[in-house]
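# please find the sequence and the predicted model below.
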Amino acid sequence: MADSGFDVLIVGAGHAGAQAAITLRQLGYAGSIGMVGDEPELPYERPPLSKDYLSGEKSFERILIRPAAFWSERAIDVLTSTRVTAIDPDAHRVTTQDGRAFGYGSLIWATGGAPRRLSCAGADLDGIHYVRNRADVDRLVAELPAATRVAVIGGGYIGLEAAAVLAKSGKPVVLIEALDRVLARVAGEELSRFYEQEHRAHGVDLRLSTAVDHLEGDGRVSGVRLADGSRIDADLVVVGIGIVPAIAPLLAAGATGGNGVAIDRQCRTSLPDVFAVGDCALHANRFADDAEIRLESVQNANDQAAVAARAITGHDGGYAATPWFWSNQYDLKLQTVGLSGGHDRAVLRGDPATRSFSVVYQRAGRVIALDCVNAVKDYVQGRKLVEAGATIAPERLADASVPLKEMV
């Protein structure tokens, strides 16, 4: 028997889980709602962890998604420090790590993912940090004052954002990226080269096409040994090499999936009355030619959460949101709309030397995405071009004197 139960049980208390609970109440849902999170904190925003929270510009209270009273006022039971380890889909029940059981009418799985860990020798030394939750960053901040040289492994958004904060704080930073450019998986070469130049201008030592062999140290990390045999001295290491979706209990219960749990347009998994939303959800996306992908973004978490809440409350409609992302590094605000993967042309709009420009991505003549650096108007106006799949001549797109809204 379950210790207790909820009409809707939400597993995961990040952006997706919080938004699912909020939307259910906004839609007038009167049933009981429980939200289970494995951290001790109430739901909070994750993007600031590698930016404003790491730098100390924002306190933890300022990144809470809602104040504590919000949840109790809406009769949303938030169970912190609780990890779900098993699901019984036939009995509509979950079991937690500490042996408790909770029944559910509908289950929303919103667990996101765990940082992908280094697998090389020395990966378990002290002084190696990942940036995924508040505790991760608090540990990093506590060790920073004593650090004399920092290595960042991974040239994606997390690695670059962390490198920017650490470089601004005056720490010598070496960033190691296995591919031949930063942001290689998410952006075109023009944007990659711009950010490489910016980081170098701020004193970051970038090592591209560089593989890590192992980490060295006696108890605590003291250096990174590279595949070519050379060594980088480092007494603190930050790792940002992606996440692994947290879906093991779902797969063990028989859900369809692999790199994420598969969902339909209403965010339903293959298990009865079980939905999945956010970073862990593998879905067909029209902006990726209906290929099944996972999107790791606040936008996706919030939009899928709303879809699941609407499905539970009997509303029609499926997931069809436009993907967007952002990244803050130094005084640069990067805003992305659409998905640039598979582009066959990248059109530069404006001059990177001015530190305000955009890259417009096309496939078969259609606009599929934009990366906009300190160019908010292009981002706002370009969204319509992406949503319409507009066909526009590259030379016209490149003319920054003509607003994008005039090209629809």
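Noted; the coordinates are in hand.
# what are the ranges of the strands in the stretch 1-150 of the chain?
Here the stretch 1-150 of the chain has its strands, by DSSP state E, counting those that start in this stretch, at 4-11, 33-36, 76-79, 84-88, 93-96, 101-109, 113-115, 128-130, 150-153.
# nope, the stretch 151-300 of the chain is what I meant
Under DSSP E, counting those that start in this stretch, the stretch 151-300 of the chain gives strands at 173-176, 205-207, 212-218, 220-226, 231-233, 236-239, 243-245, 257-258, 260-262, 274-276, 281-285, 291-293.
# wait, which of these is closest to Val141?
Checking the strands of the stretch 151-300 of the chain against Val141 by CB to CB gives strand 236-239 as the closest, at 11.1 Å. Quick note: C-beta positions are derived from backbone N, CA and C, even for glycine.
# for that closest one, packing partners?
strand 128-130, helix 134-143, strand 150-153, helix 157-168, strand 220-226 (3 or more CB pairs under 8 Å, 6 or more residues apart in numbering; DSSP states H and E).
# direction included, what does it pair against?
strand 128-130 (parallel), strand 150-153 (parallel) (DSSP bridges).
# state which helix of the chain is the longest.
Using DSSP state H to assign secondary structure, the helix with the most residues in the chain is helix 298-312.
# pLDDT of that one, averaged?
The average pLDDT within helix 298-312 is 97.
# picking that back up, okay, the helices and strands packed on strand 236-239 in CSV with mean neighbour count and mean pLDDT next?
Below are those laid out as CSV (neighbours: other CB atoms under 10 Å; pLDDT from 0 to 100):
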stretch, mean neighbour count, mean pLDDT
strand 128-130, 21, 97
helix 134-143, 15, 96
strand 150-153, 27, 98
helix 157-168, 24, 95
strand 220-226, 18, 97
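# low-scoring stretches of the stretch 1-150 of the chain, by residue?
Low-confidence segments of the stretch 1-150 of the chain, defined by pLDDT under 70, span residues 1-3.
# the spatially most central residue of the chain: what's it in contact with?
Nearest to the mean C-alpha position of the chain, by CA atoms, centre = their mean, lies Glu296 at 3.8 Å. By CB atoms under 8 Å, 6 or more residues apart in numbering, the contact set of Glu296 is 113, 243, 279.
# gap between the first one and Ala281?
Think Gly113. 11 Å (CB to CB, to the nearest Å).
# between the two, which one's more packed in?
Between Gly113 and Ala281, counted using other CB atoms under 10 Å, the more crowded position is Ala281 (30 against 18).
# not counting its neighbours along the chain, what's nearest the more buried one?
Ile263 (5.0 Å; CB to CB, 6 or more residues apart in numbering).
# now that neighbour. Its backbone dihedrals?
phi -130, psi 160 (degrees, to the nearest 10).
# neighbours around it, how many?
Counted with other CB under 10 Å, Ile263 comes out at 28.
# now swap in Cys280 and tell me
Neighbours of Cys280 (other CB under 10 Å): 27.
# for the residue nearest to Gly203 when sequence neighbours are not counted, give its distance to His202.
The spatially closest residue to Gly203, leaving aside those adjacent along the chain, is Ala167, at 5.5 Å (CB to CB, 6+ apart). Counting by CB to CB, the separation of Ala167 from His202 is 5 Å.
# if I pick the residue nearest to Ala281, what's in contact with it?
269, 275-277, 281-283, 304.
# relative to Gly314, which of those is nearest.
For the contacts of Ile263, the nearest to Gly314 is Phe275 (13.9 Å; CB to CB).
# name whatever forms a beta bridge with the closest one.
The residues that Phe275 bridges to, once DSSP bridges is applied, are Ile108, Arg268.
# I figured it hits Cys267, correct?
Yes. Assessed by CB atoms under 8 Å, Phe275 is found in contact with Cys267 at 4.7 Å.
# who touches both of the two?
What both Phe275 and Cys267 touch, as defined by CB under 8 Å, 6+ apart, is the set 308, 311.
# I'd guessed Ser340 sits against Tyr361; true?
Yes. Applying CB under 8 Å, one finds Ser340 in contact with Tyr361, separated by 4.2 Å.
# looking at these two, which is more packed in?
Tyr361 (25 against 22).
# wait, is the more buried one part of a strand?
Yes. According to DSSP: H, G, I helix; E, B strand; the rest coil, the state of Tyr361 is that of a strand.
# just the pLDDT for it.
For Tyr361, pLDDT reads 97.
# who's in contact with it?
So Tyr361 contacts 188, 338, 340, 343, 345-347, 367-371 (CB under 8 Å, 6+ apart).
# tell me the bridge partners for it.
Ala346, Ala369.
# any idea how far Ala135 is from it?
37 Å.
# same question for Tyr319.
Distance check for Tyr319 against Ala135: by CB to CB, it reads 31 Å.
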